[in-house]
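**Student:** model this:
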Amino acid sequence: MTRNKLQNDCEISLRRLDAAFADWPGLLDLILRAYAYMDGRIDPPSSAHRLTAAGLKAKAAAEVGYAALAGGALCGCVFLKPEPPDFLYLGKIAVDPAAQGRGIGRRLFETALAEARARGLPRLRLQTRVELTANHACFARWGFVKTGATAHPGFTRPTSIEMQRTV
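**Tutor:** Below you'll find the model as predicted:
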């Protein structure tokens, strides 16, 4: 477990999501709360609505997941997945709305950078919805650049953009 002080002296710790992690329902609730602002703004709706606690547990077993905790309470998460030829994909980055603006997202991003370096993967990749321009700006501040656009099945217009950055 790694630790970092937040701006308001609340300590954040990062915990790898593994078989010993027990609060899968709490993690699901965190993701749904963090993604709720997208409802009605993006089309199609977020895949977060299809997640289950059991599905998150399986996702953590197949990928690398981290939970952020502040004062012992879940406040954020990220899932990381190595992809050929040389990417680490960042998915389901979530920060509790009540904890946003305290550096938790950046801490999760820095953990992804460290994980990519440890695995010898020179690039990070993520996707974000076209409509979520504030996310585009945040990821750009973190060094990501737009590298493409994709459309969900059944759509003729781009619905997501891909962004990448070198490690």
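**Student:** Can you show me the helices along the protein?
**Tutor:** For the chain, the helices defined by DSSP state H occupy 24-35, 53-62, 104-118, 133-141.
**Student:** what comes up buried for stretch 54-64?
**Tutor:** 56, 57, 59, 60, 63, 64 (16 or more other C-beta atoms under 10 Å). For the C-beta atoms, the positions are set from N, CA and C on the backbone; glycine is no exception.
**Student:** again, but for stretch 82-91
**Tutor:** Of all the residues in stretch 82-91, those buried under the rule 16+ other C-beta under 10 Å are 87, 88, 89, 90, 91.
**Student:** May I see the helices of the chain organised as TSV, with distance to residue 164 and mean pLDDT added?
**Tutor:** Below are the helices of the chain laid out as TSV (distance: least, C-beta to C-beta, whole Å; pLDDT from 0 to 100):
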stretch	distance to residue 164	mean pLDDT
helix 24-35	22	98
helix 53-62	22	97
helix 104-118	11	97
helix 133-141	10	97
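**Student:** a markdown table for those, including distance to residue 44?
**Tutor:** Shown next, in a markdown table, are the helices of the chain (distance: least, C-beta to C-beta, whole Å):
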| stretch | distance to residue 44 |
| --- | --- |
| helix 24-35 | 13 |
| helix 53-62 | 18 |
| helix 104-118 | 24 |
| helix 133-141 | 17 |
